[in-house]
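**Student:** Pasting a predicted model and its sequence here:
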Amino acid sequence: MSFFEENCPEMDRYLENSASDEPEILRKLRRETYLKTTQPHMISGYQQGRLLTIISKILQPSNILEIGTFTGYAALCMAEGLAVNGKLTTLDINEDLAYIPRKYFAESGFSSKINFLIQDAKEFLKQSDEVYDLVFIDADKENYVQYFKLIKPRLKSGSVVMFDNVLWYGKVLEDNPKQTSTQKIKELNEMIAKDADFENLILPLRDGLNVLRRK
């Protein structure tokens, strides 16, 4: 949930009304997510989804990796920008919800380009030797630092990585956070800012999006 969603819903509606239209398949997916899941706020949503699409269309990536599929909204947004022969691999460990992304991936025009795997992302990255043009990470926050370390060797100059929820409802402002997830998110943000191989910016969109570009 964004700051505006919680504190100024009128502004949030204005932002959505001033953005490009949400494709009908994403509108249906968003509706089903809110009807059938217990934590629908985990979906990327309208504004962030349009940002993911724009970034993907600018890059025209041949190889996209997503860690944390949830119901498939972000994956479908990024798939809009795939190169003609491009592919998107999306990973999750929640088999109970897998029927939702499978359904919408099949209905989309990108079914042949999306590889949806129920697999631990750390194990996948340890076994993979692929290089990625675009990476979106929105999964277990306790492993964010580990994901960053594992994904770095699989990036080339110009590759873009995005970590979601890096403001963590403002908890990153705590001096000595007790929550492990908060500690790891703060560690990640500090690590990225000090890494000379990247340039980055945290966008205060929804719960914070750390956008990195490999130099």
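**Tutor:** That came through, no problem.

**Student:** Show the backbone phi and psi for Leu91.
**Tutor:** Here is the backbone geometry of Leu91 (degrees, to the nearest 10): phi -120, psi 140.

**Student:** Pairing partners for it in the sheet, please.
**Tutor:** Beta bridges link Leu91 to Ile67, Leu117 when assigned by DSSP bridges.

**Student:** what's the neighbour count on Ala83?
**Tutor:** Ala83 is flanked by 15 other residues according to other CB atoms under 10 Å. Every residue, glycine included, has its C-beta placed from N, CA and C.

**Student:** Give me the below-cutoff pLDDT ranges for this protein.
**Tutor:** 1-7 (pLDDT under 70).

**Student:** 90 instead?
**Tutor:** Applying pLDDT under 90 to the chain picks out residues 1-17, 19-20, 41, 45-46, 206.

**Student:** In terms of secondary structure, what does the biggest strand by length in the chain contact?
**Tutor:** Counting by DSSP state E, the longest strand found in the chain is strand 155-164. When contacts are defined as 3 or more CB pairs under 8 Å, 6 or more residues apart in numbering; DSSP states H and E, strand 155-164 packs onto helix 45-59, strand 132-137, helix 144-151, strand 209-214.

**Student:** which residues touch the most centrally placed residue in the chain?
**Tutor:** Geometric centre of the chain, nearest residue: Phe136, 3.9 Å, by CA atoms, centre = their mean. Residues near Phe136 by CB atoms under 8 Å, 6 or more residues apart in numbering: Leu52, Ile64, Leu65, Glu66, Ile67, Gly68, Ala74, Met78, Val161, Met162, Asp164.

**Student:** got the contact list for stretch 159-172?
**Tutor:** Contacts of stretch 159-172 (CB under 8 Å, 6+ apart): 44, 48, 52, 55, 59, 68, 131-138, 141, 144, 148, 151, 155, 177, 179, 181-182, 185-186, 188-189, 192, 198, 202, 204, 206-214.

**Student:** May I see the buried residues of the strand or helix carrying Ile25?
**Tutor:** Ile25 belongs to helix 24-36 when assigned by DSSP states H and E. Judged by neighbour count (16 or more other CB atoms under 10 Å), helix 24-36 contains these buried residues: Ile25, Leu26, Leu29, Arg30, Thr33.

**Student:** Dump those into TSV; add distance to Lys87 as well.
**Tutor:** Converted to TSV, those look like this (distance: CB to CB, whole Å):
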residue	distance to Lys87
Ile25	19
Leu26	20
Leu29	20
Arg30	24
Thr33	24
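
**Student:** which pair in the contacts of Phe136 spans the largest distance?
**Tutor:** Ile64 and Asp164 (14.8 Å; CB to CB).

**Student:** returning to what we had before: out of the contacts of Phe136, who has the most neighbours?
**Tutor:** Met78 (30 neighbours).
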